[in-house]
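1. I'd like to go over a predicted model; first the sequence, then the structure.
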Amino acid sequence: MSGALPCSPNCPASPSPVLDSTLATAPLPSGNFTNLNLAAPTGVSVIAVLPTNLTPMVSQWNLQVQRQIGVNQSVSLAYVGTHGARITRNYDANQQLFTTGARRFPNLGSVTTQDNSGKSDYHSLQAQYDRRVLNGLQFLGAFTWSKTIDDGCGDLDTCAPQLYTNYAIERGLSNQDQNYRLSLSSLYELPFGRGKRFAGGVSRALDYVIGGWQLNGIYTLQAGLPFSVTVDGTPGNTRADLVGKPSVNPGNITTYINAAAFAVPAKTAGGIFMAPGTSGRDILRGPGSSNMDLALFKNFSFTEQVKAQFRVQAYNLTNTPHFANPDSDLNHGTFGQINSVQPNSWRQLELGLRVTF
């Protein structure tokens with residue numbers, strides 16, 4: 001239900017068996033709640049929105065310098081920045097507490113809270129080279145070097161902080177940060193057939209065979225995505241302690257993470273973590289990827305109004321593996337291993353025919 005929470009983000013960490021009256025008097029959602037006792041609810045999970053939430057806002061700024069080269073080429077260099085404020089983030093206001101493992105409201109399940117207090121920052125250097133069509137060839141190259149920082153990963157229940165009353169330790173690289181990306185794309189109309197450089201005077205019948213071919217290609221090289229090193233236990237969402245220099249071994253899919261840099265945080269005699277893990281959020285980066293897409297087009301012109309195009313397209317032409325992030329749970333026997341690739345990243349072929357009239 002929407003409305004006030006049983007506590008604010010700064011509520012005390014000590015367990016309390018008393019349910020806040022603002023929650024007890026909030027309107028019920030639709031459904032059958034005949035057996036629900038709001039004075040002492042049992043086994044109920046709550047979804048709440050803070051009444052102090054404000055509308056998220058984003059500020060953007062950029063500075064670009066562009067230079068034309070000749071009649072059909074240009075280069076540009078730009079700085080682009082963005083600052084996000086009042087960003088939505090979710091947390092469980094009834095999470096189990098460190099040292100005790102207790103909940104503030106023992107009779108309740110989770111209290112999933114939407115809090116618009118997040119912040120994000122993006123800074124980038126962007127370079128681009130553009131060659132417009134000349135003699136059938138067009139080329140575009142772009143490179144971006146950037147950094148994105150935030151203190152949460154948006155309105156996702158699966159992205160919870162270690163301790164919702166201390167978001168300062170959550171500030172780090174964004175889950176979607178990729179610090180570099182190179183993209184090269186080209187279009188080339190092969191110079192064969194009627195009106196072209198080679199065999200320009202062939203018959204229409206022969207032109208149907210050798211003319212109208214077009215080759216398109218896109219190459220992308222980009223960094224991997226960040227991830228955190230976590231541990232199993234109570235409370236959940238606890239990260240590992242940092243005891244050394246965090247690093248990865250690029251190209252090694254069996255021991256991608258330097259395990260010696262991490263340790264399981266201290267626990268009480270009852271097996272409860274005593275404090276949040278000391279390793280930062282998203283301090284390691286997964287493997288990057290290299291990808292080539294290629295397409296071959298054949299254009300037919302039967303009359304001025306009737307045209308056709310046959311396409312053969314290959315995604316990830318070289319079938320280069322695009323590895324996913326490794327298992328980053330320190331308690332797992334497969335910690336540091338990369339056991340999967342990114343979804344739909346394998347080579348795919350596509351045939352197409354388009355007729356316009």
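-> Perfect, thanks for sending it.
2. G251: neighbour count?
-> Neighbour count for G251, taken as other Cβ atoms under 10 Å: 8. Backbone N, C-alpha and C define where each C-beta goes, glycine included.
3. again, but for G271
-> Neighbours of G271 (other Cβ under 10 Å): 9.
4. thought F323 was touching V341?
-> Yes: look at F323 against V341 with Cβ atoms under 8 Å: they come within range, at 5.7 Å.
5. okay, these two: which has more neighbours?
-> With neighbours defined as other Cβ under 10 Å, F323 and V341 compare such that F323 has more, 20 against 15.
6. Next, the contact list for the more buried one, please.
-> F323 sits next to 253, 286-287, 289, 338, 340-342 when contact means Cβ atoms under 8 Å, 6 or more residues apart in numbering.
7. I'd like to know which of the residues you listed are part of strands.
-> Secondary structure defined by DSSP state E assigns S289 of the contacts of F323 to strands.
8. Just the buried subset of the contacts of F323, please.
-> For the contacts of F323, a neighbour count by 16 or more other Cβ atoms under 10 Å gives the buried set as 286-287, 289, 338, 342.
9. Report the residue spans of the chain with pLDDT below the cut-off.
-> Applying pLDDT under 70 to the chain picks out residues 1-33, 38, 155-158.
10. what does the longest helix seen in it contact?
-> Determined from DSSP state H, the single longest helix within the chain is helix 204-210. Applying Cβ under 8 Å, 6+ apart, the contact partners of helix 204-210 are 192-194, 199, 202, 300.
11. so which pair among those is furthest apart in space?
-> Of all pairs drawn from the contacts of helix 204-210, the greatest distance, 16.6 Å, lies between A199 and F300 (Cβ to Cβ).
12. Name the residues of the host helix or strand of L353 that are buried.
-> Here L353 sits within strand 348-356, counting by DSSP states H and E. Within strand 348-356, no residue qualifies as buried by neighbour count (16+ other Cβ under 10 Å).
13. next one: stretch 74-93
-> Buried residues in stretch 74-93 (16+ other Cβ under 10 Å): 80, 84, 87-93.
14. mind checking how far that stretch is from the chain centre?
-> 13 Å (Cα atoms, centre = their mean, to the nearest Å).
15. Which of the contacts of helix 204-210 ranks first by neighbour count?
-> For these, counting by other Cβ under 10 Å, the largest number of neighbours falls to G193: 22 neighbours.
16. who touches that one in this structure?
-> By Cβ under 8 Å, 6+ apart, the neighbours of G193 are 199-200, 202, 207, 210-213.
17. want to try TSV for these, with distance to R131 as columns?
-> Below are those laid out as TSV (distance: Cβ to Cβ, whole Å):
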residue	distance to R131
A199	25
G200	24
V202	29
D207	27
I210	26
G211	24
G212	22
W213	20
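18. Which two of those residues have the greatest separation?
-> Farthest pair in the contacts of G193, by Cβ to Cβ: G200 and W213, 14.3 Å.
19. Compare neighbour counts for those two and give me the winner.
-> Using other Cβ under 10 Å as the criterion, G200 and W213 rank with W213 on top: 17 against 13.
20. The stretch 201-350 of the chain: strands as residue ranges?
-> Using DSSP state E, counting those that start in this stretch, the strands assigned to the stretch 201-350 of the chain run over residues 213-222, 226-227, 241-242, 262-263, 284-285, 289-301, 307-315, 348-356.
21. Surely T220 and Q178 touch.
-> No: look at T220 against Q178 with Cβ under 8 Å: they stay out of range, at 10.8 Å.
22. So for the two, which residue has more residues nearby?
-> Taking neighbours as other Cβ under 10 Å, T220 and Q178 compare with Q178 leading, 19 against 14.
23. which residues touch that one?
-> 146, 222-225.
24. Looking at those, which are in helices?
-> Counting by DSSP H, the contacts of Q178 contribute nothing to helices.
25. Would you reformat these as CSV and include neighbour count and distance to A269?
-> Output for the contacts of Q178, formatted as CSV (neighbours: other Cβ atoms under 10 Å; distance: Cβ to Cβ, whole Å):
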residue, neighbour count, distance to A269
S146, 17, 47
Q222, 17, 47
A223, 18, 43
G224, 21, 40
L225, 19, 38
